[in-house]
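Asks: How does the following fold in three dimensions:
(chains A, B, C and D)
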There are 2 protein chains.
Amino acid sequence: MPIESLAHFIQQSIPQIRFSAAALDRICNAFEQYDLNEKEFLLKEGKIGGYYFLEEGFLRNFIYDSKGNEITISFYKAQRVIFDPSSFFFSKPSTENIQALTKCVGYFSTFEKLNDLFHSTPEFREFARAMIAKEFVSFKIETISKINKTAEERYADLMIRNKEIFQVAQLKQIASYLGITDTSLSRIRRDFSYKTKN
Amino acid sequence: MPIESLAHFIQQSIPQIRFSAAALDRICNAFEQYDLNEKEFLLKEGKIGGYYFLEEGFLRNFIYDSKGNEITISFYKAQRVIFDPSSFFFSKPSTENIQALTKCVGYFSTFEKLNDLFHSTPEFREFARAMIAKEFVSFKIETISKINKTAEERYADLMIRNKEIFQVAQLKQIASYLGITDTSLSRIRRDFSYKTKN
DNA sequence: GTCGTTTCTTGCCATAAGACAAGTTTTGGT
DNA sequence: ACCAAAACTTGTCTTATGGCAAGAAACGAC
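Replies: The predicted structure follows:
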């Protein structure tokens, strides 16, 4: 029995290729389900990270800076794959923490299983390559789009791109993602609501 | 006749795998040589980017911001592969400009040729995957390491990591890479030389 | 429902970096 | 070798954001 939502996600992410039922089955069978409650960790610093599909929920990826503050690197919402490339591909202890902001459900797999598929199944190769390329591209775009912007512009961008995150994440987490202090974010929000009122 | 330096680079970048001579040959034959003089472009915004190995020289990757200023995204030095993932993998016009800071020599190939190898040659698959993962990881590390640092710390880091760049790039190009104006970089350099004198 | 903890907001002051403009040095073309 | 253009430095003033501390609001455990 293939995992419906995962199978659908895989097929739909490379529409140019028609996946055979057998291939889809083989791929989905390499995955197992996971569940997380709010605040539980999908990946903790020091562990070897897997390959995750997030079916439902919100996650936050953060690291610690030199002073021990949490710095949010990314927010993840449903219907995407998640992996720490450094840890997953090179079997290194991760430096990242991926924590549930809400209840989450999804599927995960390991490097071993997916590496077999990578060599045995052309369709999976295409999928895997598309995923890493896509992740790389979006991280790059996200990073570049923050350049030469004021904190207020970065805030406005996030509001447009991912408004839901303000419902599920704390302001301190969002502030560190925007590269500012929670104090500054608080002021930006105040000034912003003045502006949008008039 | 395989391209010696490229063959050596490929083999040495995944030492766990012993490349057969035939595979190495097939891979190298997919590449052709290129030469650039200072200021010439390896890739221009709007074109479809290829897959490049830089054998010798220094390159700079930059984009234009909304005000038309050049923003340096990366500096590249010899013995590495270079590609714009968004353009190379998805055949989209690139938004990046890759320009020679010095005379450069290297080899390039196209998506078509390398995609064939990707599916036909397991060793090349490993290589290609290692390269994109490595690029992704270093871009991530580079980005993250700039967080919560002052301009002066970012400058000091670059001096340690890539001192040679100060010999080949203009200060304005380095300043935009560090996320500051050339004015500020000039002052940082002055203050820095006071400090290191005493 | 109450109390303690955590999160968020606000005020005041400090500081890193930018904007602009003028000067100096370096570079490159003829 | 000379001149013009480009690259770099410096001065003065402005501004965005941070640091710290106090208060207000929201949340969670019992």
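Asks: CA atoms for contacts and neighbours, from now on please.
Replies: Fine.
Asks: Contacts for stretch A:136-151 next, please.
Replies: Identification of contacts with stretch A:136-151 by C-alpha atoms under 8 Å, 6 or more residues apart in numbering or on different chains yields A:154, A:178, A:179, A:180, B:65, B:85, B:86, B:136, B:143, B:179.
Asks: What parts of chain A come near DNA strand D?
Replies: A:149, A:150, A:151, A:152, A:179, A:180, A:181, A:183, A:184, A:185 (C-alpha under 7 Å from any atom of the strand).
Asks: any idea which of these has the most stuff around it?
Replies: Taking other C-alpha atoms under 10 Å in any protein chain shown as the neighbour criterion, residue A:185 ranks highest of the residues of chain A next to DNA strand D with 21 neighbours.
Asks: OK, contacts around the nearest residue to that residue once chain neighbours are set aside?
Replies: Excluding the flanking residues, the one nearest residue A:185 by C-alpha to C-alpha, 6 or more residues apart in numbering or on different chains is residue A:175, at 5.9 Å. Contact analysis of residue A:175 by C-alpha under 8 Å, 6+ apart lists A:181, A:182, A:184, A:185.
Asks: what is the rounded mean pLDDT of whatever helix or strand residue A:142 lives in?
Replies: Assigned by DSSP states H and E, residue A:142 falls within helix A:122-145. The predicted model assigns helix A:122-145 a mean pLDDT of 97.
Asks: Could you tell me the angle between it and helix B:122-145?
Replies: Helix A:122-145 runs at 20 degrees relative to helix B:122-145, counting by axes from the mean of the first three to the mean of the last three C-alpha atoms, to 10 degrees.
Asks: wait, residue A:49 sits on residue A:95?
Replies: No - if you go by C-alpha atoms under 8 Å, residue A:49 and residue A:95 don't touch, sitting 9.7 Å apart.
Asks: Tell me which of the two has more neighbours.
Replies: residue A:49 (30 against 18).
Asks: Would you state the predicted confidence (pLDDT) at the more buried one?
Replies: 98.
Asks: For residue A:151, see how far away it is.
Replies: According to C-alpha to C-alpha, to the nearest Å, residue A:49 and residue A:151 sit 32 Å apart.
Asks: One more: residue A:190?
Replies: Residue A:190 is 13 Å from residue A:151, where distance means C-alpha to C-alpha.
Asks: now do residue A:120
Replies: 47 Å.
Asks: Spell out which residues sit in contact with residue A:60, please.
Replies: A:72, A:73, A:74, A:75, A:76, A:97, A:98, A:99, A:100, A:101.
Asks: so does the helix or strand of chain A with the lowest mean pLDDT get close to DNA strand C?
Replies: The helix or strand of chain A with the poorest confidence is helix A:182-197; it has a mean of 84 (mean pLDDT, DSSP states H and E). Yes - contact of helix A:182-197 with DNA strand C (C-alpha under 7 Å from any atom of the strand) involves A:182, A:183, A:184, A:185, A:186, A:187, A:189, A:190.
Asks: Who is the residue nearest the centre of chain A paired with across the strands?
Replies: Per C-alpha atoms, centre = their mean, the C-alpha nearest to the average position across chain A is that of residue A:76, at 3.7 Å. Under DSSP bridges, the beta-bridge partners of residue A:76 are residue A:59.
Asks: Test my guess that it contacts residue A:55.
Replies: No - contact between residue A:76 and residue A:55 fails when scored by C-alpha under 8 Å: they sit 10.9 Å apart.
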